[in-house]
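Asker: Here you go, sequence then predicted model.
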Amino acid sequence: KYLLLVSYYIYIFIIKSNYDTVILLFYGDKDRLNVNIDNEKLFIKSEAKNCEFFCINITVAKIEVYLPENYENEIEIKNNYGDIEIDKFMNARIELQEDCGDVKIEEAKEVVVKNSYGDIKIGTIEKADIEESAGDVTVEKVENITVKNNYGDIHFKEVSSYLDVSDDCGNIKIDQANI
């Protein structure tokens, strides 16, 4: 019922599926992948090869996790480097911690995102709490949102209830607000 994914140097895709089971596809060195199920929690961990001083030809792995389209539990992802893309899960709570990479979430009930370097793009959500150090934040449609950004632009297309925004360096644009 709970998905936890911890990875280093990987691209992560969470995709909705017509199946009632979770499907995991991993593209990379299988010896660096660890999957465990404990108390209805799916734990997926992927580690990159150790790199000392100057590194070339490092392969970035890719994980695709297919979840039932009616998935309504928690998705928690911690990733050091690599993009994260999440499909439409309108009843799910999503918590992301990303050091370097872009984040894209199509639809969710609640979203908590902490990203250091990379853009954040969110479709339709009820509630969001976003912390961004350096990158743009774009949100299509949201009811309640809090955004703290240090360097980058913030753009809301539609906010319908609550908005708390701070940006140290960048533009803030709100197309429509009904608060």
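Answerer: That came through fine.

Asker: Glu69: neighbouring residues, count only.
Answerer: Counted with other C-beta atoms under 10 Å, the neighbours of Glu69 add up to 15. The C-beta positions use only the backbone N, C-alpha and C, and glycine is treated the same way.

Asker: Could you number the chain from 9 rather than 1 from now on?
Answerer: Got it, first residue is 9 now, which makes that one Glu77.

Asker: Report the contact partners of the closest residue to it other than its chain neighbours.
Answerer: Take Glu77 and drop its neighbours on the chain: the residue closest to it by C-beta to C-beta, 6 or more residues apart in numbering is Lys24, 4.1 Å away. Contacts were defined as C-beta atoms under 8 Å, 6 or more residues apart in numbering; by that measure Lys24 touches Tyr74, Leu75, Pro76, Glu77, Tyr79, Asp95, Lys96, Phe97.

Asker: of all those, which comes closest to Asn152?
Answerer: Of all these, Phe97 has the smallest distance to Asn152: 18.1 Å, by C-beta to C-beta.

Asker: where does the closest one land in three-state SS?
Answerer: Using DSSP: H, G, I helix; E, B strand; the rest coil, the structure places Phe97 in strand.

Asker: Bridge partners for it, pull those for me.
Answerer: Phe97 has the following beta-bridge partners by DSSP bridges: Ala116.
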